[in-house]
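# Predicted model, plus sequence, below.
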Amino acid sequence: MNYKFNKRLKDLPQSAWLLINQIDEVKGRWVGGAELNPQALGRLKKSTLITSTGASTRIEGAKLSDEDVEKLMRGLTMQKFRDRDKQEVKGYYELLNNVFESWKHIQFSESTIKNFHQELLKYVEKDKLHRGEYKKIENKVHMINEAGQSIGILFDTTPAYLTPKEMLELTEWTQEALSIKEIHPLLIIGNFLVEFLNIHPFQDGNGRLSRILTNLLMLEYGYPYVPYISHEKLIEDNKADYYLALRRSQKTINKEKEDIVPWLEFFLQILLLQAKQAVDLLSKENIELLLSPKQLIVWKYLENISEASPGEISKATKISRSTVSQALDVLMRLKKVKRIGQGRTTRYSKI
């Protein structure tokens, strides 16, 4: 294992651990997708795909709005935009959709990273000679303004000749650290991202690819709400702080005293915001959209009475006893109903 990375993550300030604890506490209030209305979650996922695609490509200088992205993915003609913008949007949308749909079957590895890069840029004509291949010439990281223009170089990246070695070390450490589970996965993911962006292994597409990989790793390591709240949009909305945090941490990398805390704290703050917005989906205003029709019937019934047993609910709603029990489990996790008593005397009421 590369102990350089382990050393970076030692003796982190209490503020970083507080953020991690808050994220995991909020995450615990999310009810898994299989227990909520799949049609509603499907609509949310599609909306997030559009929002994330628009935000991630705009960060890198593309011009398409979310509405433009939606039109493009519906096959409508988009004459006013550069072909490159449209090509980048299509590649991002399709790759992120694949991550959302198939993440359980995708193993994080160096070959996955290269394959993702190939897929990300598969429609971009200018990139066809280096898709899925590490850079052969040096590149620099530029800060991009809203007009898509460079307003300065953030930092110099790893030389091309060292890139394969450093990427191998990074991916092997990340795989091993996630497997051993001695370090919190959010710290491992945060370290992977700051190092990946510092190496900048590909000629183009590194920023977009880093955000795709964030979604994959978050899903693989226990954050199931990711497809319903756009991580990319939160980065776009805080783009100046994103660049500043990267610059502050990356200028210390490979120096005597490395300090990736500025990046980690920014990254964790974004993840906490994402988690809170996910839980907000379960608020009273949104819950009717996320419950299945039968879950909604059970909840509406309990809203209008003081309390009832599962049998009474089943009889009144004409929903089977087992389905009523499943609905009550979901509603309790959502903090919409509470259990009174145990065993045969168990009854339920609204909170």
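Alright, I've got the coordinates.
# what's the closest non-adjacent residue to F196?
Leaving aside its chain neighbours, F196 sits nearest to S210 (5.7 Å; criterion: CB to CB, 6 or more residues apart in numbering). Glycine gets a C-beta too; all of them are placed from N, C-alpha and C.
# Any regions of the stretch 51-200 of the chain where pLDDT drops low?
Counting by pLDDT under 70, the stretch 51-200 of the chain has low-confidence residues at 76-82, 141-155.
# Show me the strands in this structure, by range?
Remark: strands assigned in the chain by DSSP state E are 140-144, 150-156, 337-340, 347-350.
# residues making contact with the last one?
Outside of strand 347-350, the residues within contact range by CB atoms under 8 Å, 6 or more residues apart in numbering are 299, 302-303, 305-310, 313, 328, 336-341.
# So which of those are in helices?
If you go by DSSP state H, the contacts of strand 347-350 have W299, L302, E303, P310, I313, L328 in helices.
# Report pLDDT for the second one.
Spelled out, that is L302. Listed pLDDT for L302 reads 94.
# same thing with Y221?
96.
# burial of the closest residue to it other than its chain neighbours, as a residue count?
Among residues not flanking Y221 along the chain, P185 sits closest, at 4.0 Å (CB to CB, 6+ apart). Applying other CB atoms under 10 Å, we find 17 residues neighbouring P185.
# can you offset everything so residue one is 32?
Will do, 32 is the new start, and the previous item becomes P216.
# how far away is P216 from Y34?
19 Å (CB to CB, to the nearest Å).
# ok, back up a step: mark which of the contacts of strand 378-381 are buried, thanks.
For those, a burial check counting by 16 or more other CB atoms under 10 Å picks out W330, L333, A339, S340, P341, I344, L359, K367, V368.
# which residues does the third one contact?
Taking CB under 8 Å, 6+ apart as the definition of contact, the neighbours of A339 are Y332, L333, A347, R378, Y379, S380.
# If we use 10 Å, what do you get?
A339 makes contact with V329, Y332, L333, S345, K346, A347, T348, V355, I371, R378, Y379, S380, according to CB atoms under 10 Å, 6 or more residues apart in numbering.
# Of those residues, just the buried ones, PyMOL syntax please.
In PyMOL, the members of these classed as buried (16+ other CB under 10 Å) are selected with the following command:
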select buried, resi 329+332+333+345+348+355+379
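# Of the buried ones among the contacts of strand 378-381, which pair is most distant in space?
Spanning the widest gap among these are S340 and K367, at 17.4 Å by CB to CB.
# quick revisit: Provide a list of residues in contact with the residue nearest to F227.
S87, I144, F223, L224, V225, F227, L228, H231, I266.
# let's see it at 6 Å
By CB atoms under 6 Å, 6 or more residues apart in numbering, the residues touching S241 are L224, F227, L228.
# same deal with A309?
Counting by CB under 6 Å, 6+ apart, A309 makes contact with W61, Y256, Y259, I260.
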